[in-house]
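> pasting the sequence and the predicted coordinates here, then a few questions.
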2 protein chains.
Amino acid sequence: MPVLVMKFGGTSVATLDRIRRAAKRVGVEVAKGYDVIVIVSAMSGKTNELVGWVNETSAMYDAREYDAVVSSGENVTAGLMALTLQEMDIPARSWQGWQVPVKTTSAHSAARIEEIPPENLRAKFADGMRVAVVAGFQGVSPEGRITTLGRGGSDTTAVAFAAAFEAERCDIYTDVDGVYTTDPRVESKARKLDKISFEEMLELASLGAKVLQTRSVELAMRYKVKLRVLSSFEEQSDEAGTLVCDEEEIMESNVVAGVAFSRDEAKMTLVSVADRPGIAATIFTALSEAGVNVDMIVQNIAEEGRTDMTWSCPVDQVKHADAAMAKAAQAGVINYAELIADEGVAKVSVVGIGMRSHTGVAAKMFKVLSDEGINIKVITTSEIKISVLIDRKYMELAVQALHDAFGLDKAA
Amino acid sequence: MPVLVMKFGGTSVATLDRIRRAAKRVGVEVAKGYDVIVIVSAMSGKTNELVGWVNETSAMYDAREYDAVVSSGENVTAGLMALTLQEMDIPARSWQGWQVPVKTTSAHSAARIEEIPPENLRAKFADGMRVAVVAGFQGVSPEGRITTLGRGGSDTTAVAFAAAFEAERCDIYTDVDGVYTTDPRVESKARKLDKISFEEMLELASLGAKVLQTRSVELAMRYKVKLRVLSSFEEQSDEAGTLVCDEEEIMESNVVAGVAFSRDEAKMTLVSVADRPGIAATIFTALSEAGVNVDMIVQNIAEEGRTDMTWSCPVDQVKHADAAMAKAAQAGVINYAELIADEGVAKVSVVGIGMRSHTGVAAKMFKVLSDEGINIKVITTSEIKISVLIDRKYMELAVQALHDAFGLDKAA
């Protein structure tokens, strides 16, 4: 029988009632003839409770013990979901990561799935099991210890199972009903997309759309897993939600698929750095080691032998960046005049695979912002994305103006 | 290095503070040079929460899923305890049942431990691990599924580890400071015993002393594991608590070690049963299948070819017994005049290995009760125990009078 993977996030299994509701959705797919692999997260709030206990116990905790503790939340949901399905007369059982087994690296709390041998589940499906309920977010290391994949890892678990079992589709049930052209809280005319390409989804996810974990989209793209994002709180048809798929499956699309934004950014400029080969590597290695997530990077030549280096990072990491640069200067590995931080910026991006074949998107974007009197502080571009840093106070205005100018409220 | 097993029950690990307190006790034993195996229960209340969810999900639940859900509580404590010990610079790690592995039967929710191969833990101890924190109450079946040992199973886990690792002692930390001659809430002169034999402990535990799970004491007796019961809420010396041990290790003892009681009993009499070989087996098989825990059994010959059969059981099982007998009569497998239930009785027992060599204990017990004007309704005896059923309203009086008469307030 064809296999379908269905993943339910924490809010979708937050209570026994919601687990029942999710189980009913599973029942609909079973009735269609699918063998279903259900991936579950911990009940909403449970993971935070467990993480809180670990942090309170040990500031510099052993990640192996963190994983052993935190993974228990998913085990509870998996068992309860299996019981709920059994109550509906659907042959189901729960699987913990080590039982499948979900083989991962030993990088505790941030492990990567290496292999999911399908034999054990296949044998049970052949025996009459119709639903395998798998605890998401976890696996087992070569040493036989429990690992977790990091926050949001259940999405990755779901896609990995879909790849391993060549599933017809991987449905991600969540608390939103799909992927939107932008955040409806900022632009009321935001429209749900029926389809979006993996590449666009990756740019939107990493830019703050927060619907799917980035790694799960990368994995889906690599293994060509059809991903569907849909709401667990609404009655669903086969066409519900947003399908994230290969761009070849998208016949028509707008040049721009969506407008993403990230509110709490900072722009930092290291002024008049003594330039030499490898200086960028030195700077960004030091920032990375200090835990600073650098996003945009721009370099200007200021004068002969000196350069200005500008980057953006989350505003709450400015102090770490400051300290890292001061330390590097003290150690004599870099030399600069000053480090300027602008903590009042936001990032706005337009994303779309159509940019590959359409010219003038950047020019149009800059004109729209200029017409609104919004000054652009930094620009970076990729093949399917143009991002700018602007004053935070103009962020909503910029998003609305761009959404409108690129006609995102209307289907292609 | 010699091995010590230490078990902490749910109230002893109910909060992070209590886990720290327990970890300090572990540290004391590590400092003495022991390699320690710590067995932990779930944090107080957690198991009930999980059981509640299972019951609410499914009335006739799949015990395999019950076990998968309920075992998660112990996993959390094991991880937190290992982290706490690491914070004290003690090399420790957590072990879930399947990791050790604790091999059990497939009787889910009531599994029996079959084997604990010591190799994995031994290898880690040889590598420098000083404390193995093991999730109690759980194991893994031959099919690779998680099993639990039933309520109180963590005591059994502890004793099984002590046997498998030939531990010097198995310390059971709980919320009482030892085994008493009777319940201090009923007799204020009740005295803590320094030592008690396995046999006496078994009679006391099954009679309601509720300090140690019966199975754990049986197991300790079989493998000659020295068990110590002590409080996790007091500073402890090496002589604290009560040592449960082989009777040969007890030099002096009172003839009677303790007075046990069970308040909510019922006495049931099946009047004028048509007697034939196998009638007792028929009756008690039917009761057992109806879930009735029969305790005392007495048979009287009433008239030629008829007999009266009397038994005791918990008062809340009377209705099940009624139904089971009515059903058996309807099926024609038994024939009786009537079934009388006296729901107002309690059981009082005196227990002591000294009875084996001292005569007159029964006579003394009956005289004491008679002097207090207490009528005895049923008597049963074993080698080291005499039990009577009396009216419930006289229970406290009987316990106090017996405690006094046998001099239990004074050490041997």
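Okay, I see it. Numbering: from 1, shown residues only, chains lettered A, B, ... in the order given.
> which parts of chain A are helices?
Secondary structure of chain A by DSSP state H: the helices cover A:16-31, A:46-57, A:63-70, A:72-87, A:119-126, A:153-164, A:198-204, A:214-223, A:279-289, A:318-330, A:361-371, A:395-405.
> packing partners of the fifth one?
Read that as helix A:119-126. Under the contact criterion of 3 or more C-beta pairs under 8 Å, 6 or more residues apart in numbering or on different chains; DSSP states H and E, helix A:119-126 touches strand A:92-95, strand A:131-135. Backbone N, C-alpha and C define where each C-beta goes, glycine included.
> with respect to burial, which of these scores highest?
Each of the helices and strands packed on helix A:119-126 was scored by mean neighbour count; the highest is strand A:131-135, a mean of 29, by mean count of other C-beta atoms under 10 Å in any protein chain shown.
> and the contacts of that strand?
If you take C-beta atoms under 8 Å, 6 or more residues apart in numbering or on different chains as the criterion, strand A:131-135 is touched by A:26, A:30, A:35-40, A:71, A:74-75, A:77-79, A:81-82, A:85, A:90-97, A:100, A:102, A:121, A:124-125, A:157, A:161.
> switch to 6 Å and redo it
Residues from elsewhere that reach strand A:131-135 (C-beta atoms under 6 Å, 6 or more residues apart in numbering or on different chains): A:26, A:36-39, A:74-75, A:78, A:81-82, A:85, A:90, A:92, A:94-96, A:121.
> before we move on, what about stretch A:378-387?
Applying C-beta under 6 Å, 6+ apart, the contact partners of stretch A:378-387 are A:199, A:203, A:296, A:298, A:347, A:349-351, A:353, A:355, A:362, A:365, A:388-389.
> contacts only, for residue A:298.
Here residue A:298 is in contact with A:310, A:378 (C-beta under 6 Å, 6+ apart).
> quickly list what it is bridged to.
residue A:310 (DSSP bridges).
> mind checking pLDDT for it?
For residue A:298, the pLDDT comes out at 89.
> so how far is chain B from it?
43 Å (C-beta to the nearest C-beta, to the nearest Å).
> next one: residue A:3
22 Å.
> tell me which parts of chain A are close to chain B?
Applying C-beta under 6 Å from any C-beta of the partner chain, one finds that chain A approaches chain B through A:16, A:53, A:56-58, A:61-62, A:65, A:68-69, A:72, A:75-76, A:79-80, A:82-84, A:86-87, A:94.
> can you tell me which of these are buried?
Among those, those classed as buried by 16 or more other C-beta atoms under 10 Å in any protein chain shown are A:16, A:53, A:57-58, A:61-62, A:65, A:68-69, A:72, A:75-76, A:79-80, A:82-84, A:86-87, A:94.
> hang on, the earlier thing: using TSV, lay out the helices and strands packed on helix A:119-126 together with mean pLDDT and distance to residue B:131.
TSV is the format used below for these (pLDDT from 0 to 100; distance: least, C-beta to C-beta, whole Å):
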stretch	mean pLDDT	distance to residue B:131
strand A:92-95	98	30
strand A:131-135	98	27
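> could you dump those strands to JSON lines with distance to residue B:179?
As requested, the helices and strands packed on helix A:119-126 are exported to JSON lines (distance: least, C-beta to C-beta, whole Å):
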{"stretch": "strand A:92-95", "distance to residue B:179": "40"}
{"stretch": "strand A:131-135", "distance to residue B:179": "41"}
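> low-scoring stretches of the stretch 251-400 of chain A, by residue?
Applying pLDDT under 70 to the stretch 251-400 of chain A flags residues A:252, A:302.
> for it, which residue gets nearest to chain B?
residue A:291 (22.0 Å; C-beta to the nearest C-beta).
> ok, and the closest non-adjacent residue to the residue most central in space within chain A?
By C-alpha atoms, centre = their mean, chain A has its centre lying nearest to residue A:213, at 2.4 Å. Computed as C-beta to C-beta, 6 or more residues apart in numbering or on different chains, the closest residue to residue A:213 that is not its neighbour in sequence is residue A:152, at 3.6 Å.
> what's the answer for residue A:320, then?
Distances taken as C-beta to C-beta, 6+ apart put residue A:290 closest to residue A:320, at 4.7 Å, once the chain neighbours are dropped.
> the one you found: neighbour count?
Other residues near residue A:290 number 17, with proximity taken as other C-beta atoms under 10 Å in any protein chain shown.
> can you report phi and psi for it?
phi -90, psi 0 (degrees, to the nearest 10).
> what's the distance between it and residue A:315?
Distance, residue A:290 to residue A:315, using C-beta to C-beta, to the nearest Å: 15 Å.
> hmm, what's the outermost residue in chain A?
Chain A, farthest from centre, C-alpha atoms, centre = their mean: residue A:304 at 41.6 Å.
> before we move on, the earlier item: got JSON lines for the contacts of stretch A:378-387, with distance to residue A:270 too?
What follows is the contacts of stretch A:378-387, written out as JSON lines (distance: C-beta to C-beta, whole Å):
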{"residue": "A:199", "distance to residue A:270": "32"}
{"residue": "A:203", "distance to residue A:270": "27"}
{"residue": "A:296", "distance to residue A:270": "14"}
{"residue": "A:298", "distance to residue A:270": "11"}
{"residue": "A:347", "distance to residue A:270": "19"}
{"residue": "A:349", "distance to residue A:270": "24"}
{"residue": "A:350", "distance to residue A:270": "28"}
{"residue": "A:351", "distance to residue A:270": "29"}
{"residue": "A:353", "distance to residue A:270": "34"}
{"residue": "A:355", "distance to residue A:270": "31"}
{"residue": "A:362", "distance to residue A:270": "26"}
{"residue": "A:365", "distance to residue A:270": "27"}
{"residue": "A:388", "distance to residue A:270": "20"}
{"residue": "A:389", "distance to residue A:270": "16"}
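> the residue nearest to the centre of chain A is in contact with residue A:153, isn't it?
No: contact criterion C-beta atoms under 6 Å: residue A:213 and residue A:153 do not qualify, at 7.1 Å.
> need the pLDDT of residue A:16.
pLDDT for residue A:16: 96.
> for it, which residues are in contact?
Residues near residue A:16 by C-beta under 6 Å, 6+ apart: B:56-57.
> swap in residue A:240?
residue A:230.
> gap between it and residue B:19?
Counting by C-beta to C-beta, the gap from residue A:240 to residue B:19 is 46 Å.
> kindly report the same for residue A:409.
Distance, residue A:409 to residue B:19, by C-beta to C-beta: 55 Å.
> check residue A:140 too.
26 Å.
> neighbours of the spatially closest residue to residue A:7 that is not a sequence neighbour, how many?
Spatial nearest neighbour of residue A:7, chain neighbours left out: residue A:158 (3.7 Å); criterion: C-beta to C-beta, 6+ apart. Residue A:158 has 34 neighbouring residues, counting by other C-beta under 10 Å.
> what pLDDT does residue A:158 get?
97.
> which ones are touching it?
Neighbouring residues of residue A:158 by C-beta under 6 Å, 6+ apart: A:5, A:7, A:39, A:170.
> same list, those, but as TSV with distance to residue B:47 please.
Listed next are the contacts of residue A:158 as TSV, based on distance: C-beta to C-beta, whole Å:
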residue	distance to residue B:47
A:5	32
A:7	28
A:39	26
A:170	35
